[in-house]
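J.: missing the sequence, but the structure's below:
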Ligand SMILES: CC(C)(COP(=O)(O)OP(=O)(O)OC[C@H]1O[C@@H](n2cnc3c(N)ncnc32)[C@H](O)[C@@H]1OP(=O)(O)O)[C@@H](O)C(=O)NCCC(=O)NCCS
């Protein structure tokens, strides 16, 4: 599969880099990885909108929808890749809400868990958002997902749901599960 050529003047956003990672825009060629790794039950059950199994066509539509949303609304969804060789590791994204907050979401392929990648990618996305003037982020995790709770705590998020959030639907579970809501207020950059 090939990407369609982009129009001239339609510049591809630059990758955001960290010590070990490059966060680059999604491409249609990522669909097989997204479907295979995102559709694994261990991943899909912990996010809202990935079915398990996940058809490749669904991932292609996700790529197209997120790229369109970036132009229309400003959403920034990026592939998390290993900087040394470009290997895909997962996905991270920010989505604007009407109230001015931006929602952070992410997942990693199971083989990439436990190496600090989610925290490293999250810190880079937050720093980039801060540089663009974003001052409030939201995020959440299902109550039975302590790894994501820990990632968000390491990034500075705090709970905003008074101890228990509403149940949310997960396509990976095909059911509703208790969910926790968190937020991060970012200090503006001082000049
Ligand atoms: C959540 C997820 C992104 C974490 O990725 P990761 O790269 O392994 O995360 P990090 O290594 O940066 O940090 C994980 C932290 O959780 C901790 N952790 C992992 N499993 C845990 C568990 N069962 N109980 C408590 N803490 C746990 C780790 O020890 C680590 O904390 P530490 O640095 O203090 O030791 C990954 O597990 C994933 O993709 N899960 C499925 C999808 C998902 O949950 N997405 C988020 C939706 S809210």
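T.: It's in. A quick note: this is a predicted structure, and the numbers were derived from the prediction, not measured.
J.: so where's the chain uncertain?
T.: 1-10, 191 (pLDDT under 70).
J.: show me which residues of it sit near the ligand.
T.: 43, 46-47, 106-108, 113-119, 141, 145-148, 150-151 (C-beta under 6 Å from any ligand atom). Placement of C-beta: from N, CA and C, glycine included.
J.: swap in 5 Å and give it another go.
T.: Taking C-beta under 5 Å from any ligand atom as the measure of proximity, the chain contacts the ligand at 43, 46, 107-108, 113-114, 116-119, 141, 145-148, 150-151.
J.: show me the residues you listed that map onto strands.
T.: Filtering these for membership in strands, criterion DSSP state E, returns 107, 108, 141.
J.: give the contact list for the first one.
T.: Contacts for residue 107 (C-beta atoms under 8 Å, 6 or more residues apart in numbering) come out as 38, 43, 46, 47, 50, 90, 91.
J.: for these, give me CSV that also has neighbour count and distance to residue 134.
T.: Converted to CSV, the contacts of residue 107 look like this (neighbours: other C-beta atoms under 10 Å; distance: C-beta to C-beta, whole Å):
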residue, neighbour count, distance to residue 134
38, 25, 25
43, 21, 26
46, 19, 24
47, 20, 22
50, 25, 25
90, 25, 21
91, 27, 19
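J.: secondary structure class for the residue nearest in space to the middle of the chain?
T.: For the chain, the residue sitting closest to the mean C-alpha position, by C-alpha atoms, centre = their mean, is residue 92 at 2.4 Å. Classification of residue 92 using DSSP: H, G, I helix; E, B strand; the rest coil returns strand.
J.: how about it: which residues does it bridge to?
T.: Taking DSSP bridges, one finds residue 78, residue 106 as the beta-bridge partners of residue 92.
J.: which residues touch it?
T.: By C-beta under 8 Å, 6+ apart, the residues touching residue 92 are 23, 77, 78, 80, 104, 105, 106, 118, 121, 122, 125.
J.: by neighbours, which of those wins?
T.: Counting neighbours by other C-beta atoms under 10 Å, the top entry in these is residue 80, with 29 neighbours.
J.: can you name the helix or strand that that one falls in?
T.: Element membership of residue 80, judged by DSSP states H and E, is strand 76-82.
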